[in-house]
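[1] Using only what follows, build the 3D model:
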Amino acid sequence: MSVSVIIPIYNSQTFLNDLFEALNKVRFDDNDEVLLIDNGSTDTSADICLANVTNYPNLYKYYRYVDKAGSYAARNFAVNKAKGRILVFTDSDTKPVSNWIQGIKSSISEGCVIAGKISLEIVEHNIWEYYDFMAHLNSEKEFLNSNVATANMAVLKEDFVKVGFFEDRFSGGDYEWSTRAVSKGLKINYCPDIMVSHPTRKTFEQIMNKECRIAYGVGNHYNNLQRHVGELAIIFFLKIFKFDTNYRCSKYFYSKNFSIKEIFYFNVKYLCVRIGQLKSAIKGYRNIDPRIINLK
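    Residues are numbered from 1 along each chain as shown. Below you'll find the model as predicted:
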């Protein structure tokens, strides 16, 4: 069965050379394709992509899609372009293992969604990396909750069509799609050997952007469901005072030998994250252009 790998790209120049170095070691078959969907990059992402298209014209296909900002809008665009029977989704900052595609082909079946392993790389061993490791992209935990992340997901195109396109939201579309897939009878299979590596976020600013992006997507979702903005605001306002999260994080950091001073600093900055989430959720509800507010 042929494969279409779908990768949304936005200002990803920092990661693309590593991505292509990994992809160029993956074993693809003749009818496979990798769709590179540039969502309006303003850095050198397009140049890096086009250089690889030139070197591997039968594998890589580059599209510039700017009708709507957001990785899920870009993925939906790519699904319509995809020629493969298997749709494979990953991100521009991942590094797939060499047997990635062959593992997917040997594991995929009708009515099944593959949730591959996402191995998070801790490099600097700072408190924000460990928070990211604890809070985001735990593929095995998400599988147990019947969720699959588009950082490493595969499904037959006909099954994807049965479930429908990703919800029109800036973030969190994979989890919403997972819920619909399960409700339609699809089974999510966790496959630890089908693996990509993913860098952890290393700074407060990167974590702030990630959390605000998620909240913005929740705001989109509430708007799509025509739920009242007041309900959304109350939920995110109460999150500011959800100190059990701080306690769990602090306990985890202490087990990793972070100092009391570092843990205190984290909790002060995490309050800023919660306030940022509230603001971003409301902006998402109002569908303010995410590029205007520097979400990426």
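[2] which residue ranges form the helices in the chain?
    Counting by DSSP state H, the chain has helices at residues 13-23, 45-55, 71-81, 100-107, 127-135, 139-144, 157-163, 173-183, 204-224, 229-239, 243-255, 260-285.
[3] so which of those comes closest to residue 88?
    helix 100-107 (6.1 Å; C-beta to C-beta). Where C-beta positions appear, they are placed from N, C-alpha and C, glycine not excepted.
[4] coming back round to it: Throw the helices of the chain into TSV and include mean pLDDT and distance to residue 33, thanks.
    Below are the helices of the chain laid out as TSV (pLDDT from 0 to 100; distance: least, C-beta to C-beta, whole Å):
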stretch	mean pLDDT	distance to residue 33
helix 13-23	97	12
helix 45-55	97	11
helix 71-81	96	9
helix 100-107	97	11
helix 127-135	93	31
helix 139-144	53	24
helix 157-163	97	12
helix 173-183	93	21
helix 204-224	93	28
helix 229-239	95	39
helix 243-255	95	41
helix 260-285	96	32
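[5] Can you tell me how far the closest residue to residue 114 other than its chain neighbours is from residue 248?
    Leaving aside its sequence neighbours, residue 114 sits nearest to residue 154 (C-beta to C-beta, 6 or more residues apart in numbering; 4.1 Å). Here residue 154 is placed at a distance of 32 Å from residue 248 (C-beta to C-beta, to the nearest Å).
[6] just residue 215 next, same as before
    In terms of C-beta to C-beta, residue 215 sits 19 Å off from residue 248.
[7] Neighbour count: those two, which is higher?
    Each of residue 215 and residue 248 has its neighbours counted (other C-beta atoms under 10 Å); residue 215 has more, 30 against 12.
[8] Enumerate every residue touching that one.
    Going by C-beta atoms under 8 Å, 6 or more residues apart in numbering, residue 215 touches 236, 276, 277, 278, 280, 281, 284.
[9] pretty sure the fifth one is touching residue 210, no?
    No. The criterion here is C-beta atoms under 8 Å, and residue 280 misses it with residue 210 at 10.8 Å.
[10] more crowded one of those two?
    Neighbour totals were compared for residue 280 and residue 210, and residue 280 leads with 28 against 19 (other C-beta under 10 Å).
[11] How about that one: what's its closest non-neighbour residue?
    Sequence neighbours aside, residue 212 is the residue nearest to residue 280 in space, at 3.9 Å (criterion: C-beta to C-beta, 6+ apart).
[12] tally of neighbours for residue 27?
    Other residues close to residue 27 by other C-beta under 10 Å number 12.
[13] returning to what we had before: between residue 280 and residue 210, which contacts overlap?
    If you check residue 280 and residue 210 against C-beta under 8 Å, 6+ apart, no residue is contacted by both.
[14] other SSEs contacting the longest strand seen in the chain?
    Longest strand of the chain, by residue count under DSSP state E: strand 187-199. Counting contacts by 3 or more C-beta pairs under 8 Å, 6 or more residues apart in numbering; DSSP states H and E, strand 187-199 is packed against strand 95-96, helix 100-107, strand 112-121, helix 139-144, strand 152-156, helix 173-183.
[15] Kind regards, and thank you for your time.
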